Every structure is written in structure tokens, then in C-alpha cells.
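Asker: no sequence for this one, just the structure:
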């Protein structure tokens, strides 16, 4: 079932790249179920059915970013350990990379550049009975705003750029993987998640580096969302993201995941929401505020016995929106 689902989603991705806007309804009718559900970042959020997804997301994007193509760095599939896996008809497939095109018309009122645009994305598909029943699509909207010259946040603590795929250049797993390697990766990710969850339950704000070192290589790379950026090594990761995050956010609660699976040396998950927290001041350069939910995607590469690379998406615009700051609306108000 996993192999069939991978082949099906690869076929969909190739067909999508070769479909113009007017033919999207026909494409979706071929690949999506009648009860298709879609989750995306703010301002889209939950969209009910294929027609709404096309009208509100894909059609405006394809009309604004010409010659849009999907450049995949990671492609994996597996059984979702969050679901009841006795239902062998449902499999998840995730692809991650960049949507690339020419930013020729405004999108969400973000001003066009007439130049290439790279939109970081991670797309999760649930496949059942040879149809896509659910999609979770996360894009880095702050990264789009930065490329358009309307970056809405204070300077980031890390460095944002066009992130590469896995260091071993073997992120596209279209075939079958060794189940022993798959289980090893998922076990490593779950141990890491539980270590952090125990920190949250204890009320601790910081994180001793030795806790991270239990599941992370010393020379780890953390590819964070625009607004935070990437960090290299445990020491710099803690300095440039983890400690500002943990010390700047209180009342941290882990809410679980919608989807979590591994495939060989790679793994991924997303939540809706993963986390709930209350800003205490300092994180993203923002003041203290009210409790808010975070939608987060994590994609991992395991090297030997520990995690080596981590690609992260956070729906920062939605997290800020819950606190009364709409970065898109502020951008519109500042344009004359």
C-alpha cells in the first residue's frame, strides 16, 4: 500500500506541474476524493473541498507566480502511527522542497518582483482507496514577503536562505525502504519528542545541551522558518533558536500530531496545532502577549544513531494573528 501510494502521489505531482489553471478542476476530480479536506497556513487555514482549494489557493498562486514548478528535495511515505493502523487502506505521503516561478503579479497583496521566487513548502497527503482524502500544505509565507522586500519582523537570530535537501542527497525515496531503518528513525524521533515533552511538563524554561545530545549529532543543522532562520551545531542552535524559544514562551503544552511516520532514514510530522504557548516577551523580538496555538511541521534526516538535519515550518502569521498582529494587513496598510 505504501508503494502504491507513493507512485500515485508522484503521478499527481508530475500532472500538477503540467496542468494550467483552467484544467485544475479536472485534475482534482481525478486524484481527490469527494470528501477531500485541506489544511493550510494563514490566511487560508481549512478549506472545504477541491473547488474551494482551487479558488482560494492554487488559482491565485498560479496566476501570480508564472511557470510554477515543484522542486522536490524529500519524498517519503509510510503508515501514520497516530492513526489506527489496522486500517491498512490509508497511507500518508509527504514531499518537501520549493515551488519556483516568476513572481509577476501581486499575491495576497504581496508586491511582485518580476524575478524568480522560491516558496518553501511541505505537503502531506493521505491516500485511501487510490484517492487523496486529506492534504496538509505548509508554505513559508514570511519567506515570500522577505523576497518581495516587505519582511514584517525584527531581524532573525539565525540565517534564512534557500535550504538544501539532505546531506547525503538521497531524500527522494520512491521505492521501498528497509523496515529496520524506518523503525530506527521513528524511534529516534519519538525519543527526542518525549525528551522535550518532559521538559515542558516539568515547567523548565531552558534545556541542558546534554538532553539534546541524547538524540542529536553535535553538528546538527536546524533549518527554521523565515523569521528565525537556520542554525548549525547544538551550541548555535540553542543560542539562535531553542533558548530564545523556550525562555520567551511560557505555559508550553504539547498537543500531539495529526500525522507522524518514517521512511528509511527520514521522518516527518505535523500538528493542528502541535503546541500551545504564551509569549513572555523576547521571542521574534515581540512583547508578551496572550496564549496562542502553533502549527508546526518537522522533517528529519537520521545519520547513524542520531538526528542530523531538521527542516521546520511554523505558521508564524497565524501564531501572530491570534495575538492581534496580522502581518498581511499591516503590510497592506504600509503600502501607498
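Answerer: Ah, there it is. What you are looking at is a predicted structure, and each value in this text was computed from that prediction instead of being measured.
Asker: from the contact counts, what lies against the longest helix seen in the chain?
Answerer: Longest helix in the chain by number of residues (criterion: DSSP state H): helix 179-202. Using 3 or more C-beta pairs under 8 Å, 6 or more residues apart in numbering; DSSP states H and E, the elements in contact with helix 179-202 are helix 209-213, strand 249-254, strand 259-263, strand 266-270, strand 296-303, strand 306-314. All C-beta atoms are positioned from the backbone trio N, CA, C, and that covers glycine.
Asker: after the first one, next one along is what?
Answerer: For helix 209-213, the succeeding helix or strand toward the C-terminus, using DSSP states H and E, is strand 216-223.
Asker: now that next one and helix 179-202, what's the angle there?
Answerer: Relative orientation of strand 216-223 versus helix 179-202 (axes from the mean of the first three to the mean of the last three C-alpha atoms, to 10 degrees): 80 degrees.
Asker: centre of the chain to the helix or strand following strand 216-223, how far?
Answerer: Going down the chain from strand 216-223, the next helix or strand is strand 230-232, by DSSP H and E. Relative to its parent chain, strand 230-232 has a centroid offset of 17 Å by C-alpha atoms, centre = their mean, to the nearest Å.
Asker: ok, now stretch 39-57?
Answerer: 16 Å.
Asker: what comes up buried for it?
Answerer: Residues of stretch 39-57 classed as buried by neighbour count (16 or more other C-beta atoms under 10 Å): 39, 40, 41, 42, 44, 47, 49, 50, 53, 54, 56, 57.
Asker: retrieve the pLDDT associated with the first one.
Answerer: Each residue has a pLDDT score; the one for residue 39 is 97.
Asker: contact partners of the one helix or strand it maps to?
Answerer: Secondary structure from DSSP H and E places residue 39 in strand 32-40. With contact meaning C-beta atoms under 8 Å, 6 or more residues apart in numbering, strand 32-40 is reached by 28, 45-50, 52-53, 57, 128-129, 131-139, 272.
Asker: try it again at 10 Å.
Answerer: 12, 28, 44-53, 56-57, 123-139, 141, 258, 270, 272, 295, 315, 318 (C-beta atoms under 10 Å, 6 or more residues apart in numbering).
Asker: tilt between that strand and strand 266-270?
Answerer: 80 degrees.
Asker: just checking, what packs against the helix or strand just after strand 32-40?
Answerer: Tracing the chain past strand 32-40, the next element assigned as helix or strand by DSSP H and E is strand 46-48. With contacts defined as 3 or more C-beta pairs under 10 Å, 6 or more residues apart in numbering; DSSP states H and E, strand 46-48 has these neighbours: strand 32-40.
Asker: before we move on, back to that, need the buried residues of stretch 39-57 in a markdown table (columns: distance to residue 152).
Answerer: Converted to a markdown table, those look like this (distance: C-beta to C-beta, whole Å):
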| residue | distance to residue 152 |
| --- | --- |
| 39 | 23 |
| 40 | 19 |
| 41 | 14 |
| 42 | 13 |
| 44 | 18 |
| 47 | 24 |
| 49 | 31 |
| 50 | 31 |
| 53 | 26 |
| 54 | 28 |
| 56 | 22 |
| 57 | 21 |
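Asker: give me the neighbour count for residue 220.
Answerer: Neighbour count for residue 220, taken as other C-beta atoms under 10 Å: 22.
Asker: quick one: residues contacting it.
Answerer: Counting by C-beta under 10 Å, 6+ apart, residue 220 has contacts 212-213, 231-234, 236-237, 301, 303, 306-310.
Asker: tell me, how many residues neighbour the residue lying closest to residue 78 once chain neighbours are set aside?
Answerer: The shortest distance from residue 78 to any non-neighbouring residue, by C-beta to C-beta, 6 or more residues apart in numbering, is to residue 261 (3.4 Å). Neighbour count for residue 261, taken as other C-beta under 10 Å: 28.
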